[in-house]
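K.L.:
compute the structure for the input listed below.
(one chain, ligands or ions: 1)
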Amino acid sequence: MIRIDIATLFPDMCESVLSASIVGRGREAGFIEIECHDIRRYTDNKHNRVDDKPYGGGTGMVMQAQPIYDCICDIRNKTDENAKIIYMSPQGKTLTQSKVKELSALDNLIILCGHYEGVDQRVLDELQVEEISVGDYVLTGGELPALTLVDAIARMQEGVLPNSDAYSIESHYNGMLEHPQYSRPEEWRGRRVPEVLLTGHHENILKWQEEASFEVTKRKRPELLFDSFDGNKPYARFVRVQGGKPDKNGRKPELLTLMGYLARKRILTNREQKQWKRAEIWFRENLPDPFCADCPKNAVIYFKTEKAQDILRMYSALLDMVIAHEIPYEVVFADYIGEMLWENEIMAGFETKDKTLSDVEN
Ligand SMILES: C[S@@+](CC[C@H](N)C(=O)[O-])C[C@H]1O[C@@H](n2cnc3c(N)ncnc32)[C@H](O)[C@@H]1O
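P.N.:
A predicted model of the protein is given here:
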């Protein structure tokens, strides 16, 4: 059983979430031990201050080293002198299910929540914390990220869920997304539950679930499948470049800039230039994209390469360009656009369908 200690300025906020629902019941039943510690209790000044102005100026306050250090040393003294310390931080590696799996196997874990502008760097260095982020955006404090991490760890502890199937047949556990789920009634607003699920034929159901899981992953998060591709096979992929605000004429100036860079192939090596010659660039108005109906003038780039492994290099070259030129765009794999373009025959005469993602995989 794991014991998790959370060092925070807002223990009540954490406690209220951790005493509810599945995690709360798991704690009560003794399947997981969680304690929240108030960093403010460890201050050595009479006003109980935990923060001060940043050296060098700037807005906001910084959490000071001393109370954090004393709080965490106290936790370590009471639990395990070598307990691992995680600092929830937007600068850390993004949390993944495999990281959750790794942390779930520990006996002790300490989680530090920052607030305000963050934490004095020296205490992070002194305690040799590992930083974990919940995503590339910034929240006001580390409590919600810590609760996310604790929840993910808690559900993997024996006894918290009814059995290990409850977490092992779930999205991300094996690198895939889970198949769709259905419950009663069999038909709702004309939509029927897939027949195979009603047959009671266990083997067929399992097969359907596996196939559906693959289909869902391919459609929603194709990059998750990338590792399992044969890098030497031909490969095709659609990438959507989205975001940015249209100007008063409905144009997106930065996107034009990006397309300009792409067209001139400025920052690519010779080898990449050759590859990019084969990458068709689509730049369409009113793209038929159900997920981005309100963003006209996105770009769709169609990569086609002799070897799957080259796609990844092209993709990172594109990302590098977006970052290097500070173009406020998001780049996402979006093979469903390709499927849609084929279906609507927009791609007719452009390429044959035999090189789409699904065909390459099958
Ligand atoms: C406003 S943030 C500080 C951000 C910091 N100044 C920076 O730019 O990297 C305050 C605290 O919220 C937490 N936090 C904010 N965003 C987070 C994220 N995406 N993942 C994990 N923790 C986060 C961290 O504990 C952080 O110390």
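K.L.:
these two touch, right, residue 9 and residue 49?
P.N.:
No: taking CB atoms under 8 Å as the definition, residue 9 is not a contact partner of residue 49, at 11.3 Å. Bear in mind the C-beta positions are built from the backbone N, C-alpha and C, glycine included.
K.L.:
okay, those two: which has more neighbours?
P.N.:
Neighbours per residue, other CB atoms under 10 Å: of residue 9 and residue 49, the larger number sits with residue 9, 20 against 13.
K.L.:
stretch 182-190: end-to-end distance?
P.N.:
14 Å (CA to CA, to the nearest Å).
K.L.:
and for residue 147, the neighbour number?
P.N.:
Neighbours of residue 147 (other CB under 10 Å): 22.
K.L.:
which residues touch it?
P.N.:
For residue 147, the contact set (CB atoms under 8 Å, 6 or more residues apart in numbering) comprises 14, 17, 18.
K.L.:
10 Å instead?
P.N.:
6, 8, 13, 14, 16, 17, 18, 23, 88, 111, 113, 134 (CB atoms under 10 Å, 6 or more residues apart in numbering).
K.L.:
type out the PyMOL command that picks the buried ones from those.
P.N.:
Entered in PyMOL, the line below selects the buried ones among those, by 16 or more other CB atoms under 10 Å:
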select buried, resi 6+8+13+14+17+18+23+88+111+113+134
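K.L.:
can you pick out the most distant pair from the contacts of residue 147?
P.N.:
Maximum pairwise distance among those (CB to CB): 19.0 Å, between 16 and 134.
K.L.:
returning to that earlier point: any shared contact partners between residue 9 and residue 49?
P.N.:
Common neighbours of residue 9 and residue 49 (CB under 10 Å, 6+ apart) are 40, 67.
K.L.:
so residue 126 makes contact with residue 65?
P.N.:
Yes: assessed by CB atoms under 10 Å, residue 126 is found in contact with residue 65 at 7.4 Å.
K.L.:
find residues that contact each of those two.
P.N.:
residue 120.
K.L.:
those two - which one has more neighbours?
P.N.:
Counted by other CB under 10 Å, residue 126 and residue 65 do not tie: residue 65 has more neighbours, with 17 against 13.
K.L.:
and the closest residue to the more buried one other than its chain neighbours, how far from the ligand?
P.N.:
Using CB to CB, 6 or more residues apart in numbering and skipping the chain neighbours, the partner closest in space to residue 65 is residue 123 (3.7 Å). Going from residue 123 to the ligand by CB to the nearest ligand atom, to the nearest Å gives 12 Å.
K.L.:
residues near residue 123, how many?
P.N.:
20.
K.L.:
can you tell me the helix or strand for it?
P.N.:
Assigned by DSSP states H and E, residue 123 belongs to helix 121-127.
K.L.:
in that helix, which residues are buried?
P.N.:
123, 124, 127.
K.L.:
residues contacting it, please?
P.N.:
Under CB under 10 Å, 6+ apart, the answer for helix 121-127 is 62-70, 72-73, 76, 85, 87, 89, 110, 112, 114, 118, 120, 129-131.
K.L.:
helix or strand right after it?
P.N.:
strand 130-133.
K.L.:
average model confidence for that following strand?
P.N.:
Mean pLDDT, strand 130-133: 97.
K.L.:
show me which residues of that strand are buried.
P.N.:
Neighbour-count burial for strand 130-133 flags 132, 133 (criterion: 16+ other CB under 10 Å).
K.L.:
please name every helix or strand in contact with that strand.
P.N.:
Strand 130-133 sits against strand 84-94, helix 97-104, helix 143-154, with contacts defined as 3 or more CB pairs under 10 Å, 6 or more residues apart in numbering; DSSP states H and E.
K.L.:
that one and the ligand, any residue contact?
P.N.:
Yes: interface with the ligand: strand 130-133 contributes residue 133 (CB under 6 Å from any ligand atom).
K.L.:
CA-only coordinates of that strand, as CSV, when you get a sec.
P.N.:
Coordinates of each C-alpha in strand 130-133 appear next as CSV, following Å, rounded to 0.1, in the frame of the first residue of the first chain:
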residue,chain,number,x,y,z
GLU,A,130,11.1,15.5,-9.7
GLU,A,131,8.8,18.0,-11.5
ILE,A,132,5.5,16.7,-13.0
SER,A,133,3.1,18.8,-15.0
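K.L.:
run through who's touching it.
P.N.:
Strand 130-133 is contacted from outside by 84-96, 99-100, 103, 111-112, 114, 124, 139, 142, 145-146, 148-149, using CB under 10 Å, 6+ apart.
K.L.:
partner strands of it, parallel or antiparallel?
P.N.:
Take DSSP bridges as the rule and strand 130-133 pairs in its sheet with strand 84-94 (parallel).
K.L.:
can I get the partner strand in PDB, CA atoms only?
P.N.:
C-alpha atoms of strand 84-94 as PDB (Å, rounded to 0.1, in the frame of the first residue of the first chain):
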ATOM      1  CA  LYS A  84      10.500  10.500  -3.400                       C
ATOM      2  CA  ILE A  85       9.400  14.100  -3.800                       C
ATOM      3  CA  ILE A  86       7.300  15.300  -6.700                       C
ATOM      4  CA  TYR A  87       6.900  19.000  -7.300                       C
ATOM      5  CA  MET A  88       3.700  19.700  -9.300                       C
ATOM      6  CA  SER A  89       5.000  22.200 -11.900                       C
ATOM      7  CA  PRO A  90       4.000  23.400 -15.400                       C
ATOM      8  CA  GLN A  91       7.700  23.000 -16.200                       C
ATOM      9  CA  GLY A  92       7.800  19.300 -15.500                       C
ATOM     10  CA  LYS A  93       7.300  16.300 -17.800                       C
ATOM     11  CA  THR A  94       3.600  15.900 -18.600                       C
END
